[in-house]
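Visitor: Sequence unavailable; structure follows:
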């Protein structure tokens, strides 16, 4: 009788599928189909206008063979340090100090620190391009401190252009990481800190024994967001350096744009985009798998 009232055994699952079907259709139309088309285009030698010719895996092999393309992926990995690694270290320190000290006006501080996230990256890039200009504020500050020997055209220097772009990423992402970690630390029970102090733990040991393990989930989220931002950065590079000087700041996202719209190599651009998507997926998956394993 209960089975009759509840319906057939498989009915709840079928109902769930019906509810999920519209969402899947939207997901497939706006994500899976474009990715599939990008994979298809990457297998052709196509300029975007005329009829394409079958190239197979040649566009992917070119990524490995082309020194410039290989360098662009290396540059993206370097930017990961500035976008993800440095902001994580700074954010952990700032969040731990602010959470431990119980600073007044913490809400206002969070808003100020998070402010770069609400500014368009193009605006950020234009402002920092002026900071790095030969007659910009950075060289002006160095000159005022008597460090004229260190002044240079930062974005035109083969050695310092990429780190200069990376510093902008650090400035942009630190606020996001700090706010995420502050939110995680605010949920840590005070009893854990009291127990650690009773065991004779100092502030440093307290941080590594209580705070750090408690915010592994927030660290995973922060790393995922910042690593993705580093790997797909385009507007910052486009506005500040256009991949120069030479190819010293070229990154995969810029190469996709340059090859598709500058050189008319749409198939090659699609192959770079697909490769970058796979790399982002693998790194994000690894970060979250590591975080889940440590939490469990």
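Guide: Cool, the structure landed. What you are looking at is a predicted structure, and each value in this text was computed from that prediction instead of being measured.
Visitor: Please enumerate the strands of the stretch 1-150 of the chain.
Guide: Along the stretch 1-150 of the chain, the segments classed as strands by DSSP state E, counting those that start in this stretch run 44-45, 53-54.
Visitor: quick one: secondary structure of residue 246?
Guide: Under DSSP: H, G, I helix; E, B strand; the rest coil, the three-state class of residue 246 is coil.
Visitor: Quick one, which of the strands of the stretch 1-150 of the chain gets closest to residue 22.
Guide: The closest of these to residue 22 is strand 44-45. By Cβ to Cβ, the value is 33.0 Å. (Glycine included, C-beta is placed from N, CA and C.)
Visitor: From the contact counts, what lies against the closest one?
Guide: Judged by 3 or more Cβ pairs under 8 Å, 6 or more residues apart in numbering; DSSP states H and E, the packing partners of strand 44-45 are strand 53-54.
Visitor: Which residues does the strand it packs on contact?
Guide: If you take Cβ atoms under 8 Å, 6 or more residues apart in numbering as the criterion, strand 53-54 is touched by 43-46.
Visitor: Of these, which is the most crowded?
Guide: residue 46 (23 neighbours; other Cβ atoms under 10 Å).
Visitor: What does the pLDDT read for that residue?
Guide: Residue 46 carries a pLDDT value of 92.
Visitor: picking that back up, tell me which of the strands of the stretch 1-150 of the chain lies nearest to residue 153.
Guide: Of all those, strand 44-45 comes closest under Cβ to Cβ, at 38.4 Å.
Visitor: Helices of the stretch 101-250 of the chain, start to end?
Guide: Per DSSP state H, counting those that start in this stretch, the stretch 101-250 of the chain carries helices over the ranges 106-114, 121-132, 137-144, 161-185, 190-198, 203-206, 212-214, 216-231, 235-240.
Visitor: Go through the strands of the stretch 1-150 of the chain and name the closest to residue 35.
Guide: Nearest to residue 35, of these and by Cβ to Cβ, is strand 44-45 at 15.9 Å.
Visitor: ok, that closest one: who's next to it in the sheet?
Guide: Using DSSP bridges, strand 44-45 pairs in its sheet with strand 53-54 (antiparallel).
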